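[1] Structure, please.
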Amino acid sequence: MSTPTPTPSPIPTVGTVPRGGPQAVLFDMDGLLIDSERIWLEVESEVMAWLGGEWSAAHQERLVGGSLDVAVAYMLELTGAAADPAEVGRRMLDGMAGRLTACVPMMPGAKELLAEIRAAGVPAALVSSSHRRLIEPVLDAVGREHFALSVAGDEVTRTKPDPEPYLTAAARLGAVPGRCVVLEDSPNGVAAAEAAGCATVAVPGVLPVPPAPGRTVVGSLREVTLDLLRSLTG
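    Next up, the predicted model:
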């Protein structure tokens, strides 16, 4: 049975955002908004065992912020298994979807920040390398009302670190990329945001993200406020 296409949320008018603040706030998902990297590690380990290999945190670090296709290709390269890449990807998605349907663990400060941004009338988008199948249970758990739209990794031609996902979200919101703030946890995601021309706040997770000109690095979403985001977009 096919899954019905979700009805998109109404997109707030960017022109209603107070002058001087961000026209939109664009959130990464895995490792930034939800504490899912440890869940990915579990699923990757299970799939790798099925392929006849072993998996570790060091292997996962090579894939953080990347696409499912890259992860599947890396696993098959490591094991030399003759498995169908589509089957490997399906097992990955099945494992994650089952876990996220049961529980979506939020990162500290995520709920409060989303509520503050929504109360201020600033449009927000969820921009992830994960497939639509994994974004849907997260939207259900976090609250669809917080997001004007979402962009999934299987809905763009090029995934992070390419800027396409963030440029797509900004365009759909009618926002200027330079007036958008992106929140990311991985080097791949930060590279995508900066290549899109967005102001970037890094909340490093599995991998470190060093400070750089035009980049704000914090230890937790608890340190991110609407006033901070406004200061980054002038």
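[2] what comes up buried for the strand or helix carrying E77?
    Element membership of E77 [criterion: DSSP states H and E] is helix 68-79. Going by neighbour count (16 or more other CB atoms under 10 Å), the buried part of helix 68-79 is L68, A71, V72, M75, L76, T79. All C-beta atoms are positioned from the backbone trio N, CA, C, and that covers glycine.
[3] what's the answer for stretch 96-116, then?
    Residues of stretch 96-116 classed as buried: M96, A97, R99, L100, V104, M106, M107, G109, A110, L113, L114 (neighbour count, 16+ other CB under 10 Å).
[4] Which residue ranges of this structure form strands?
    For the chain, the strands defined by DSSP state E cover 24-27, 124-127, 149-151, 180-184, 199-202, 215-217.
[5] Run the chain-centre distance for the fourth one.
    On the basis of CA atoms, centre = their mean, to the nearest Å, strand 180-184 sits 10 Å off its chain's mean C-alpha point.
[6] Counting by contacts, list what that strand packs against.
    When contacts are defined as 3 or more CB pairs under 8 Å, 6 or more residues apart in numbering; DSSP states H and E, strand 180-184 sits against strand 24-27, helix 164-173, helix 187-195, strand 199-202, helix 226-233.
[7] which stretches of the chain aren't confidently modelled?
    Scanning the chain for pLDDT under 70 picks out 1-20.
[8] The residue of it positioned farthest from its centre and S186: what is the separation?
    In the chain, counting by CA atoms, centre = their mean, A82 sits farthest out from the average C-alpha position, at 30.5 Å. With distances taken as CB to CB, to the nearest Å, A82 is found 31 Å from S186.
[9] Kindly report the domain assignment for this protein.
    Following automatic domain parsing, the chain resolves into domains at 14-35+105-233, 37-102.
[10] out of those domains, deepest packed?
    Mean neighbour count (mean count of other CB atoms under 10 Å) peaks for domain 14-35+105-233 among those, with a mean of 20.
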